[in-house]
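Engineer: model this:
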Amino acid sequence: MTEVSKVVTGTNAPHWSMKYDLVVGLEVHAQLITASKAYSSDPNAYGDHPNTNVGVVTLGHPGTLPVANKRVIEHAVRIGLATNCSIAPWMHYARKNYFYPDLPKGYQITQDKTPICTEGFVLIPNSGGPSRDDEASAGMTRIGITRIHMEEDAGKSVHDVDPFNTLVDLNRAGVPLVEIVSEPDLRSGQEAYDYLVEIRRLVRYLDICDGNMEEGSLRCDANISLRLKGVEEFGTRCEVKNMNSFRNVMRAIEYEAQRQSEILDAGGIIHMETRSFDAGNGSTVGMRSKEQAHDYRYFPEPDLQPITISEKQKEAIRKAMPPLPRELREKYTTMLGLSEYDAGILTDDKATALFYEGVIKVTSNHKAAANWVMGDVRGWINEKGLTMDEFPITAERLAGLINMIDDGKIGHSIASQKLFPLMLEDRGSTAAELAAKHDLVQDINVDEIVQIVHEVISRYPDKVQAYRAGNKGLLGLFMGEVMKATKGRADPKKVNEVVRNLLQNHPII
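Structural biologist: Model prediction:
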């Protein structure tokens, strides 16, 4: 599990979980990485001065016409394929009509009756709750995807800059989004957290969204309800907005479940409404009654022609996609023999997975490669506060270091403590070149090792007797002395073998 919160089962479960089932569906908006906006040539850029990335189409000037961004369609197909969706061969855009100060046109261009992707699913770790699908035996739970559709974003109302006025920034208006709508298959805050982690991992692997929830490029609304155990019909749902982290999504779900259970236990009625999450005290507060679809007066967008996607186009997009996390995890556990834990760490982000893929192209020691990437490499990156993309040693150079260890040319401790730091400083030389330059290669033969071991043993006759009497812990003393005498240039395995043999057979002077 990726979060400290525990599943709501067992003795730590809240009291309501004995009476009610929690039902959660999530609506995730992913802001797409494109050069221009969804239906205009205005720049799609984050952090620019307010109201600078706007033009006549974004502002909704009379007589202006939108033009569909082809890259948006490709991105939508990519996430649809990654989430096992069916891709619609024909679809049209729709207008979603409502008034708000940061919506200059008075409507959003979206999709209603014909979403581009439908009927998909993702797998998340089985959190220990009751099995709900065939994947549970493999430790995974299937969460259905109802639909994924394309739409444009609204602008942003700013309430905390001017004490007397609300300000409007329209830079975000028209920015392309995909909305990923899950089935109401989530049964705990932890499952919602794990689902969001998987969605973010997918959009980052696909390079369609940076997944930064704090900056608003990934946003989530949660539809939350309770129903009596054993009842099939869903309860009345409330939609919770304004959650800017995965943990806050989980907190909001847990609070809302408690709030609704108290109302139901008191004989009250849950009203369908939109609520806002207050991160300061972990509560939700009512905003407005929940809109129905007919309130938006959806109708087909008259200024954009329908879209067709052929099988040829779909296959071309599929072939251009990178390997996805689930595919890599399966490869690492079944083909490379890594543990589920190792596979999970290595595929947690795309840059780490691609780096590891580069390492195992040059070395066949897959476990050693995993240990180096998860240990020394990640440790250095975390210490410096950098990303994997900024790591100065290439995958090929690290693989060369691992191969030197496997070939017995250098010991692991010397590699980690001396050669690895040298490779971080000298970014042009190979591990072999640096090892030779700094006299780190294990080039002492067995005859030399035997002679050195004889000398070391002769200096400690009392320790030899103690070892033979059963104090096997003294082996480390002799190993340390021999490695010190060889300046680390002897193969530790050979040294260990010689030391053990001579400690039993060497005559005590």
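
Engineer: all helices for the stretch 201-350 of the chain, in order.
Structural biologist: Listed in chain order, the helices of the stretch 201-350 of the chain (DSSP state H, counting those that start in this stretch) span 246-265, 311-319, 325-330, 340-346, 350-360.

Engineer: mean pLDDT, distance to residue 97 and mean neighbour count added to those helices, as CSV?
Structural biologist: C-beta: built from backbone N, CA, C; applies to glycine. Shown next, in CSV, are the helices of the stretch 201-350 of the chain (pLDDT from 0 to 100; distance: least, CB to CB, whole Å; neighbours: other CB atoms under 10 Å):
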stretch, mean pLDDT, distance to residue 97, mean neighbour count
helix 246-265, 94, 29, 20
helix 311-319, 95, 31, 12
helix 325-330, 92, 38, 17
helix 340-346, 93, 45, 17
helix 350-360, 95, 38, 21
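
Engineer: could you dump those helices into CSV and include distance to residue 66?
Structural biologist: Listed next are these as CSV, based on distance: least, CB to CB, whole Å:
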stretch, distance to residue 66
helix 246-265, 32
helix 311-319, 22
helix 325-330, 35
helix 340-346, 42
helix 350-360, 32
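
Engineer: closest to residue 399 out of those helices?
Structural biologist: Among these, helix 350-360 comes nearest to residue 399, with 4.8 Å by CB to CB.

Engineer: list the buried residues in the next helix or strand after the closest one.
Structural biologist: The helix or strand immediately downstream of helix 350-360 is helix 366-372, counting by DSSP states H and E. Burial within helix 366-372, assessed by neighbour count using 16 or more other CB atoms under 10 Å, is assigned to 366, 368, 369, 370, 372.

Engineer: repeat that for stretch 211-230.
Structural biologist: Within stretch 211-230, the residues that count as buried by 16+ other CB under 10 Å are 211, 213, 217-227.

Engineer: quick check, nearest of those to residue 404?
Structural biologist: Among the buried residues of stretch 211-230, and counting by CB to CB, the member closest to residue 404 is residue 211, at 37.3 Å.

Engineer: what residues are up against the closest residue to that closest one other than its chain neighbours?
Structural biologist: Distance criterion CB to CB, 6 or more residues apart in numbering; nearest residue to residue 211, sequence neighbours excluded, is residue 200 at 4.0 Å. By CB atoms under 8 Å, 6 or more residues apart in numbering, residue 200 lies in contact with 211, 213, 218.

Engineer: coming back round to it: could I get the buried residues of helix 366-372 as a markdown table with pLDDT?
Structural biologist: Output for these, formatted as a markdown table (pLDDT from 0 to 100):
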| residue | pLDDT |
| --- | --- |
| 366 | 97 |
| 368 | 96 |
| 369 | 97 |
| 370 | 97 |
| 372 | 97 |
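
Engineer: in a markdown table: those, plus distance to residue 205.
Structural biologist: Formatted as a markdown table, the buried residues of helix 366-372 follow (distance: CB to CB, whole Å):
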| residue | distance to residue 205 |
| --- | --- |
| 366 | 21 |
| 368 | 25 |
| 369 | 20 |
| 370 | 19 |
| 372 | 22 |
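
Engineer: so how far is residue 61 from residue 238?
Structural biologist: Distance, residue 238 to residue 61, using CB to CB, to the nearest Å: 38 Å.

Engineer: settle it for me: which of the two has more neighbours?
Structural biologist: More crowded of residue 238 and residue 61, by other CB atoms under 10 Å: residue 238, with 21 against 11.

Engineer: closest to residue 351 among the buried residues of stretch 211-230?
Structural biologist: Residue 351 lies nearest to residue 211 out of these, by CB to CB, at 12.9 Å.

Engineer: surely the closest one and residue 218 touch.
Structural biologist: Yes - using CB atoms under 8 Å, residue 211 is in contact with residue 218, at 4.9 Å.

Engineer: can you list residues touching both of those two?
Structural biologist: Residues touching both residue 211 and residue 218 (CB under 8 Å, 6+ apart) are 30, 200, 203.

Engineer: right, and the first one touches residue 213 too?
Structural biologist: Same thing as residue 30. No - Residue 30 sits out of contact with residue 213 when judged by CB under 8 Å, with a separation of 10.3 Å.

Engineer: can you list the buried residues in the helix or strand hosting residue 383?
Structural biologist: Assigned by DSSP H and E, residue 383 belongs to helix 378-384. Using 16+ other CB under 10 Å as the test for burial, helix 378-384 gives 378, 380, 381.

Engineer: repeat for stretch 440-452
Structural biologist: Neighbour-count burial for stretch 440-452 flags 440, 441, 442, 444, 449, 452 (criterion: 16+ other CB under 10 Å).

Engineer: send the alpha carbons of it over as CSV?
Structural biologist: C-alpha atoms of stretch 440-452 as CSV (Å, rounded to 0.1, in the frame of the first residue of the first chain):
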residue,chain,number,x,y,z
LEU,A,440,41.0,-0.5,-8.0
VAL,A,441,41.0,-3.6,-10.3
GLN,A,442,41.1,-6.9,-8.4
ASP,A,443,44.2,-8.3,-10.1
ILE,A,444,45.9,-10.2,-7.3
ASN,A,445,46.1,-13.9,-8.1
VAL,A,446,45.5,-16.8,-5.8
ASP,A,447,49.2,-17.5,-5.0
GLU,A,448,49.6,-13.9,-3.8
ILE,A,449,46.4,-14.2,-1.7
VAL,A,450,47.7,-17.4,-0.1
GLN,A,451,51.0,-15.7,0.8
ILE,A,452,49.2,-12.7,2.4
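
Engineer: which other residues reach that stretch?
Structural biologist: 408-411, 414, 418-419, 434-435, 482, 485-486, 488-491, 494-495, 498, 502.

Engineer: nothing else from me, thank you.
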